[in-house]
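**Q** coords please:
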Amino acid sequence: MTALEQEAVRLFIDHKKTLGSRRLKVKINELGFSVGRYKVRSLMKKLALFARYPKRHKITTDSAHNHSIVPNLLAREFTVTLSALMIKDRKLLI
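**A** Numbers count the residues shown, from 1 in each chain. Next up, the predicted model:
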């Protein structure tokens, strides 16, 4: 394994396998190696370095529904009175 290949693998792992050929080329050039993007791309293919892509954000709530807001049938009032205060293990217990 050449010094260029070793540095490419080290940089790729240090950046949590998120570097593509463009960003990896910039990082390698900062280290003093003179390589182009296509050389880095073929180097990544040779070393089986595949960049991870961010996952798509999954929408879990439908905010565009036409349902009415449910009325408060219990009509509970949540007023808190402080009856006892105890600090234990840096936690406030009421």
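**Q** tell me the SS of Leu19?
**A** Under DSSP: H, G, I helix; E, B strand; the rest coil, Leu19 falls in the coil class.
**Q** which pLDDT value belongs to it?
**A** Note for Leu19: predicted pLDDT of 94.
**Q** next SSE after the helix or strand containing Ile13?
**A** Using DSSP states H and E, Ile13 falls within helix 3-14. Next along the chain after helix 3-14, taking DSSP H and E as the criterion, comes helix 21-30.
**Q** helices or strands up against that following helix?
**A** helix 3-14, helix 37-47 (3 or more CB pairs under 8 Å, 6 or more residues apart in numbering; DSSP states H and E). Using the backbone N, CA and C atoms, a C-beta is placed for each residue, glycine as well.
**Q** in JSON lines, list those helices along with mean pLDDT, distance to Lys58 and mean neighbour count.
**A** Output for these, formatted as JSON lines (pLDDT from 0 to 100; distance: least, CB to CB, whole Å; neighbours: other CB atoms under 10 Å):
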{"stretch": "helix 3-14", "mean pLDDT": "96", "distance to Lys58": "27", "mean neighbour count": "15"}
{"stretch": "helix 37-47", "mean pLDDT": "96", "distance to Lys58": "29", "mean neighbour count": "15"}
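**Q** and the ones you listed: which comes nearest Ser63?
**A** Ser63 lies closest to helix 3-14 among the helices and strands packed on helix 21-30, at 39.4 Å (CB to CB).
**Q** returning to what we had before: what's the helix holding Ile13 packed up against?
**A** helix 21-30, helix 37-47.
**Q** quick one: pLDDT of the most centrally placed residue in the chain?
**A** Geometric centre of the chain, nearest residue: Pro54, 7.3 Å, by CA atoms, centre = their mean. Note on Pro54: pLDDT of 83.
**Q** if I look at it, how far off is Lys27?
**A** Look at Pro54 and Lys27: by CB to CB, to the nearest Å, they are 19 Å apart.
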